[in-house]
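Student: missing the sequence, but the structure's below:
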């Protein structure tokens, strides 16, 4: 996948892949794709027989083997999510109250900015100062 994406801003020296122990009886593979200039832009992928978690910019997506699609393997969905994040197709919108992130949304540019996931804390409902929203997306210099 990385060869096909050719991310010119990926730091191949700091990126790593390893098998780390077991989770729910399955061996766990951990992949970290480091950004050359932005330490906060690392994409981390954890995969086991129970599914995968793809994390970037303070948010994450769970991919479950028993997911919605029966026409494609769930591992292909993992690759799709990683590629879309690295291409900058997902914007991560963070809502801050009182200087704390209380809500994060992942917005999909390909689907017209549709919210594909939302995570937050109960603090999002409290009035802790003025709300401020920040939007970030990854840029790994992926072409095409």
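Tutor: Nice, I can see it. Since this is a predicted model, take the numbers as computed values, not measurements.
Student: residue contacts, the closest residue to residue 103 other than its chain neighbours?
Tutor: Closest residue to residue 103 apart from its sequence neighbours, by C-beta to C-beta, 6 or more residues apart in numbering: residue 120 at 3.6 Å. For the C-beta atoms, the positions are set from N, CA and C on the backbone; glycine is no exception. Shown in contact with residue 120 (C-beta atoms under 8 Å, 6 or more residues apart in numbering): 95, 102-104.
Student: what's the spacing between the helix or strand where residue 17 lies and its chain's center?
Tutor: Secondary structure assignment for residue 17, by DSSP states H and E: strand 16-23. Taking C-alpha atoms, centre = their mean, to the nearest Å, one finds the center of strand 16-23 at 18 Å from the center of the full chain.
Student: What mean pLDDT does stretch 14-21 get?
Tutor: Throughout stretch 14-21, pLDDT has a mean value of 90.
Student: whoops, I mixed them up, stretch 48-56
Tutor: For stretch 48-56, the per-residue pLDDT averages 92.
Student: residues of that stretch that come out buried?
Tutor: 48, 51-54, 56 (16 or more other C-beta atoms under 10 Å).
Student: do stretch 135-144 as well
Tutor: Buried residues in stretch 135-144 (16+ other C-beta under 10 Å): 136-138, 140, 142.
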